[in-house]
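Q: Here is a sequence with its predicted model. Questions after.
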Amino acid sequence: MSDAPDRTSRRRVIAWGLWDWGSASFNAVVTTFVFTVYLTSSSFGPEGTVEAQLGWALAGAGLLIALLAPVTGQRSDTSGRRKLWLAVNTYVVVAITLAMFFIEPDPSFLWLGLLLVAAGNVFFEFAGVNYNAMLTQVSTSRTIGRVSGFGWGMGYVGGIVLLLIVYFGFIQGLFGLPGDNGLDVRLSMIVAALWFGLFALPVLFAVPEYRGAGTARERIGFLASYARLGRDVARLWRESRHTVWFLLASAVFRDGLAGVFTFGGVLAASVFGFSAGEVIIFAIAANVVAGISTIAVGALDDRVGAKPVIVVALAGLVVSGLLVFFLHDGGQIVFWTAGLALTLFVGPAQSASRTFLARMIPPGREGEVFGLYATTGRAVSFLAPTMFALFVGISGEAYFGILGIVLVLLVGLLLLLPVRATAPVHAVR
């Protein structure tokens with residue numbers, strides 16, 4: 001982490017965290033609690049079918065990310081344009097979110113809606129590669145856990161505020177706008193897009209463009225970047241094998257975490273009978289729990305290390321997920337209790353995973369390695385959607401999809417156990 005500053009700038013940390021605050025518009029409103037719930041409603045097709053189609057669309061998006069993320073991250077390192085590509089990818093997501101306004105509640109709009117969700121996921125992940133790479137620009141080795149936790153926590157708090165606006169303003173009709181023809185959800189997409197676009201601005205002004213060790217590397221063509229990537233991965237395997245193992249293990253459990261977010265709102269509506277408004281109320285409560293736990297555990301990360309945090313969080317997720325599955329006949333109270341328990345562990349697992357890797361990255365290769373982080377995640381990103389779709393398809397019951405997600409989390413936990421934290425390998429060549 002030699003590219004890291006000597007001290008933490010509060011102004012830059014807050015500006016960096018506001019991107020997470022703004023990104024809640026895509027995570028919470030688009031992919032979890034509003035748009036995907038709308039898209040998998042009976043207006044677009046029969047129950048079980050539309051959920052499975054959502055899973056396949058996201059699996060396809062994952063394949064594109066797996067192929068492109070590490071090279072785009074590598075090139076942002078060597079070009080010294082990390083912040084530029086953060087801006088480009090962020091505002092592509094903003095444009096895609098705006099386009100969701102045109103998805104009317106009719107089966108003929110389903111595949112366009114799925115295409116927008118998939119494309120949004122691709123560009124959101126590209127933006128996340130550059131955003132995560134900035135973590136070492138705004139934190140020191142002694143504050144990285146707290147800064148990462150602050151960023152994730154800001155995302156959850158931003159989600160709370162935005163979901164309150166969406167729920168009371170559009171779902172409950174406080175703004176006096178009509179809700180027919182899906183207009184309440186569609187107008188929410190406009191608000192979500194503007195929200196992200198506005199709060200993404202501070203990091204672009206407060207954090208300087210990357211000028212670290214990575215920019216000393218020779219600039220090469222796009223296709224040649226894949227050959228360099230292969231050499232870099234081979235070198236990483238020789239000099240820091242546990243880093244590679246962590247990339248693989250985290251790929252699996254992070255896909256399980258993504259599955260919790262992606263299908264949580266869908267399950268609340270289709271299995272536990274939550275209305276669209278009740279899904280949003282649950283989302284607000286879930287974000288409160290997740291935000292508090294993530295910020296609090298950030299300091300623990302700096303004290304005891306990231307791995308113990310991840311292990312405890314994944315174990316808690318497996319237990320909570322199994323409770324949701326086996327007690328699903330208990331109705332909404334089960335989802336309120338066990339579902340909130342799930343959110344207690346998701347944020348700390350995500351934040352600690354980011355810091356575990358950041359502590360091991362060679363200086364100057366943050367974008368590339370976080371690109372690998374995205375790629376390994378997306379290389380297996382078919383796991384949670386496929387397991388969800390497979391379990392639902394075989395059983396014919398949407399709640400069986402929970403078992404598919406729990407299985408992915410459990411495998412990720414088992415793969416993580418032998419991994420040890422290692423010091424960064426030497427500077428990049």
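A: Great, that's in hand.
Q: centre of the chain versus stretch 238-251, how much separation?
A: Distance, stretch centre to chain centre, for stretch 238-251: 20 Å (CA atoms, centre = their mean, to the nearest Å).
Q: Can I get that stretch as PDB, trimmed to CA atoms?
A: The C-alpha coordinates for stretch 238-251 follow below in PDB (Å, rounded to 0.1, in the frame of the first residue of the first chain):
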ATOM      1  CA  ARG A 238       4.000 -17.500  -7.700                       C
ATOM      2  CA  GLU A 239       4.500 -14.700  -5.200                       C
ATOM      3  CA  SER A 240       1.200 -14.400  -3.300                       C
ATOM      4  CA  ARG A 241      -0.800 -17.600  -3.800                       C
ATOM      5  CA  HIS A 242      -3.200 -16.800  -0.900                       C
ATOM      6  CA  THR A 243      -4.300 -13.700  -2.800                       C
ATOM      7  CA  VAL A 244      -5.400 -15.800  -5.700                       C
ATOM      8  CA  TRP A 245      -7.100 -18.300  -3.400                       C
ATOM      9  CA  PHE A 246      -8.900 -15.400  -1.700                       C
ATOM     10  CA  LEU A 247     -10.100 -14.100  -5.100                       C
ATOM     11  CA  LEU A 248     -11.500 -17.500  -5.800                       C
ATOM     12  CA  ALA A 249     -13.100 -18.000  -2.400                       C
ATOM     13  CA  SER A 250     -14.500 -14.500  -2.300                       C
ATOM     14  CA  ALA A 251     -15.900 -14.900  -5.800                       C
END
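Q: Mind listing what's buried along that stretch?
A: 240, 243-251 (16 or more other CB atoms under 10 Å). No exception for glycine: its C-beta is placed from N, CA and C like everyone else's.
Q: Poorly predicted segments of the stretch 201-350 of the chain, please.
A: Applying pLDDT under 70 to the stretch 201-350 of the chain flags the ranges 210-225, 229.
Q: that older thread, which of the buried residues of stretch 238-251 lies closest to Asn287?
A: Ser250 (23.0 Å; CB to CB).
Q: what's the helix or strand for the residue most central in space within the chain?
A: Taking CA atoms, centre = their mean as the criterion, Ala258 is the residue nearest the geometric centre of the chain, at 6.2 Å. Element membership for Ala258, per DSSP states H and E: helix 241-270.
Q: Now do the next helix or strand after that helix: which elements does it pack against?
A: Counting by DSSP H and E, the next helix or strand C-terminal to helix 241-270 is helix 276-304. If you count contacts as 3 or more CB pairs under 8 Å, 6 or more residues apart in numbering; DSSP states H and E, helix 276-304 packs onto helix 35-39, helix 144-166, helix 241-270, helix 306-326, helix 332-358.
Q: Turn these into TSV, including distance to Leu98.
A: Shown next, in TSV, are the helices and strands packed on helix 276-304 (distance: least, CB to CB, whole Å):
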stretch	distance to Leu98
helix 35-39	12
helix 144-166	15
helix 241-270	21
helix 306-326	33
helix 332-358	27
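Q: out of those helices, which comes closest to Val88?
A: Of these, nearest to Val88 by CB to CB is helix 144-166, at 20.4 Å.
Q: Determine the set of other helices and strands touching the closest one.
A: Checked by 3+ CB pairs under 8 Å, 6+ apart, helix 144-166 has helix 10-24, helix 135-138, helix 183-199, helix 276-304, helix 332-358 packed alongside it.
Q: Leu112: what's it in contact with?
A: Taking CB atoms under 8 Å, 6 or more residues apart in numbering as the criterion, Leu112 is in contact with 102-103.
Q: so how far is Ala192 from it?
A: Taking CB to CB, to the nearest Å as the measure, Leu112 and Ala192 are separated by 18 Å.
Q: Over to Phe109?
A: 18 Å.
Q: Between the two, tell me which one has more neighbours.
A: Neighbours of Phe109 and Ala192, each counted by other CB atoms under 10 Å, are more numerous for Ala192; the result is 28 against 17.
Q: neighbours around the residue nearest to the more buried one when sequence neighbours are not counted, how many?
A: Of all residues not flanking Ala192 in the chain, Ser25 sits nearest, at 3.8 Å (CB to CB, 6 or more residues apart in numbering). Counted by other CB under 10 Å, the residues lying close to Ser25 total 31.
Q: Can you get me a residue count around the residue nearest to Ile394 when sequence neighbours are not counted?
A: Counting by CB to CB, 6+ apart, Phe400 is the residue found nearest to Ile394 once chain neighbours are left out, at 7.4 Å. Look at Phe400: counted by other CB under 10 Å, it has 18 neighbours.
Q: Now do the SS call for Phe400.
A: Under DSSP: H, G, I helix; E, B strand; the rest coil, the three-state class of Phe400 is helix.
Q: Appreciated, that's everything.
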